[in-house]
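Enquirer: Using only what follows, build the 3D model:
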Amino acid sequence: MTLHFQREIDKLKKMVLSLGADVEDNVHKAVQALQNRDTGLAEKIIASDEAVDRFEVYLEEECLKILALHQPVAIDLRFVVAVLKINSDLERIGDLAVNIAERAAFLATQEPVDIPFDFSGMSDKTKLMLRKSLDALVNMDAQMSWDVCAMDDEVDAINREMYNQVQEGIRQQPEKMNSLIHLLSTSRHLERIADCATNIAEDVIYMIAGEIVRHKAEDFRPETATQPK
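Expert: Next up is the predicted model:
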């Protein structure tokens, strides 16, 4: 690997981490806007989506430039391909943060709904998955990626519990059905963010081991994906 190529790879790592930090912050602020009924903060998240979109396009162009100029092979090729896919997932997470902010802006105009659901806790688990998936990318850590995949079941369970709580809430407060459905949508958006973090983790496993584990994780064990090829 030439020094110039190594610098380009390092640049990609910094860029994807920067985008990841931005969308993670947007997720945090979107949930904060929901909990605090803060329409101003929600509107800022919605307005920030354009910058995320521009960054995603720029990062994709950098990946394509490396593919064209350096023609990487083996693990270097898989790294660039993984970044291309991760870039798309991060942009999608940015969109989902906007969706949560839109729900927050609407709910701020409605009467508060009393429902025993910990959006902050669900958000924290989801953000942890995202952070660990990006750390796994930088550190070439397949085991950390598998840890992220395992955490997805926890977030799925929280989302199912939210569904049950909304059903009960609609029975007890039918006049607040619209608000309850928006809260359920917020939970669903967080669950989708966790899915995107899982996608990132699976791409990291592919990058390290050269194995596509999507849809067949039960046939692929973590111990076979610990060393780069």
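
Enquirer: isn't residue 19 right next to residue 60, touching?
Expert: No: using C-beta atoms under 8 Å, residue 19 makes no contact with residue 60, being 10.9 Å away. From N, CA and C alone the C-beta is placed, and that goes for glycine too.

Enquirer: For these two, indicate the residue with more neighbours.
Expert: residue 19 (22 against 15; other C-beta atoms under 10 Å).

Enquirer: If you count neighbours, what's buried in stretch 17-28?
Expert: Judged by neighbour count using 16 or more other C-beta atoms under 10 Å, the buried positions of stretch 17-28 are 19, 20, 22, 23, 24, 26, 27, 28.

Enquirer: In strands, which of those fall?
Expert: In strands, judged by DSSP state E, none of those are found.

Enquirer: mind putting these in TSV, distance to residue 97 included?
Expert: Output for these, formatted as TSV (distance: C-beta to C-beta, whole Å):
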residue	distance to residue 97
19	12
20	12
22	10
23	6
24	9
26	4
27	5
28	9
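
Enquirer: and the host helix or strand of residue 133, how far from the chain's centre?
Expert: Using DSSP states H and E, residue 133 falls within helix 119-139. How far helix 119-139 lies from its chain's middle: 8 Å, per C-alpha atoms, centre = their mean, to the nearest Å.

Enquirer: which helices and strands sit right next to the helix or strand bottoming out on mean pLDDT in the chain?
Expert: One helix or strand of the chain scores below all others by mean pLDDT, DSSP states H and E: helix 119-139, with a mean of 90. Counting contacts by 3 or more C-beta pairs under 8 Å, 6 or more residues apart in numbering; DSSP states H and E, helix 119-139 is packed against helix 3-36, helix 74-107, helix 142-172, helix 177-209.
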